[in-house]
Structures are given as C-alpha cells and as structure tokens.
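Engineer: with the sequence up front, the predicted model follows.
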Amino acid sequence: MKQLAILSVAVVLAGPAFAQSAAEKTGVNSLIGVAPKTEDFVQEAATSDMFEIASSTLALERGDEATKAFAKQMVTDHQKTTAELKGLVASGKVKGPLPAAMTSSQQSMLDTLNGLQGTDFNKQYHSDQESVHEDAVDLFMRYGDEGDNADLKAWAATTRPALEHHLMIAKDLNK
C-alpha cells in the first residue's frame with residue numbers, strides 16, 4: 001500500500017515536468033494551461049501568421065465585402081506580427097528557429113479553401129478564422145502569462161488583445 005502511495009505521488013509530481021517537455025502541438029500544454037517552451041511558441045506563432053496571411057490573401061480575391069474587409073485587416077496585422085517576431089529572433093533576444101513553412105494541418109486548411117468559391121468559401125474562411133484565432137489567443141495567453149523569455153513574454157502579452165479582437169470579429173462573421 002505504501003508503494004502505491006509513493007508511486008501515486010511520483011506520478012502527480014512528474015505531470016508538470018512532462019507537460020513542460022511535451023511538444024506544443026500535442027495539445028497537452030493547452031489542456032492543462034502550461035506555457036509552451038520558447039521554441040514551440042516561436043514555431044506556433046510564426047506558422048499561425050503564415051496561415052493567416054495566405055488564407056486572407058486568398059479571401060481578398062474570393063470573399064464577399066465583409067470577408068474582404070476582415071481579410072485586409074488580417075493581412076496587415078499578421079504581417080506586422082511576423083515582422084516583430086522576426087525582429088526579436090534576429091536581435092538575439094529570442095532563441096529559436098523560424099519555420100520555413102506552415103504546418104501540414106494549416107496547409108491542408110489552405111488547400112481546402114483553394115478549392116472553394118462564393119458562399120462556400122466565405123463560410124469555410126470564417127470558420128477557419130474563428131478556429132485559428134481561438135488557438136492563437138490561447139497560445140499567446142499562456143506564453144504571455146508564464147513564458148520563460150521576458151522579451152517574448154512581453155510581446156505575447158501586448159499582441160494578445162489584437163488577437164482577441166480578431167477572434168471577436170471572426171465569431172461575428174460566423175453568425
């Protein structure tokens with residue numbers, strides 16, 4: 001019985017350590033509210049921006065007027081955050097490689113959008129925007145609250161309100 005109690009305590013104490021080392025894309029960190037590692041945050045933030053810019057550029061061509069207005073804001077805002085993140089990495093304040101391409105999941109979402117037109121395109125784009133902004137707000141909140149790099153933590157915290165605003169607009173477009 002004593003061994004079982006010791007084992008239980010060891011498992012409970014190992015949980016946070018496991019979560020800290022788990023890759024961000026497993027979702028474990030998000031589920032338990034743990035900040036991602038700096039390298040994971042950089043990867044996730046950068047690929048999110050890539051998807052936002054690519055999908056919104058497509059929406060500027062194919063969307064209705066409300067969609068185009070939102071897409072224009074997304075391109076502008078996410079180009080700005082991309083430049084800021086690249087600046088933090090280039091300055092040496094943030095260690096971690098910038099990805100060369102978006103994730104396969106994001107590329108798949110973009111491929112789906114590429115195959116759509118009209119109302120179908122608008123609905124899918126709006127749905128995608130709500131989903132990716134929910135993820136981004138969660139990511140930036142966790143890193144901004146508990147990240148381990150002070151400069152990146154401050155950037156995440158100051159960037160999050162804009163992402164929350166994007167999410168609010170995306171939800172309104174989905175109504």
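Structural biologist: Arrived safely, thanks for sending.

Engineer: from here on, contacts and neighbour counts on C-alpha atoms
Structural biologist: OK.

Engineer: okay, buried residues for the helix of greatest length in the chain please.
Structural biologist: Assignment by DSSP state H gives helix 118-146 as the longest helix of the chain. Neighbour-count burial for helix 118-146, counted by 16 or more other CA atoms under 10 Å, picks out 121-126, 128-130, 132-144, 146.

Engineer: what's the answer for stretch 102-116, then?
Structural biologist: Using 16+ other CA under 10 Å as the burial criterion, the residues of stretch 102-116 that qualify are 102-103, 106-107, 109-110, 113.

Engineer: middle-most residue in the protein, spatially?
Structural biologist: When the chain is reduced to its mean C-alpha position, the nearest residue by CA atoms, centre = their mean turns out to be A136, at 3.2 Å.

Engineer: still on that earlier bit, what's the first helix or strand after the longest helix of the chain?
Structural biologist: Beyond helix 118-146 in the direction of the C-terminus, DSSP states H and E gives the next helix or strand as helix 150-173.

Engineer: distance from that next one to the middle of the chain?
Structural biologist: Mean C-alpha position of helix 150-173 versus that of the full chain (CA atoms, centre = their mean, to the nearest Å) differs by 10 Å.

Engineer: any idea of the mean pLDDT in it?
Structural biologist: Mean per-residue pLDDT for helix 150-173: 97.

Engineer: got the buried residues for that helix?
Structural biologist: Of the residues in helix 150-173, those scored as buried under the neighbour-count criterion (16+ other CA under 10 Å) are 152-153, 155-157, 159-160, 163-164, 166-167, 170-171, 173.
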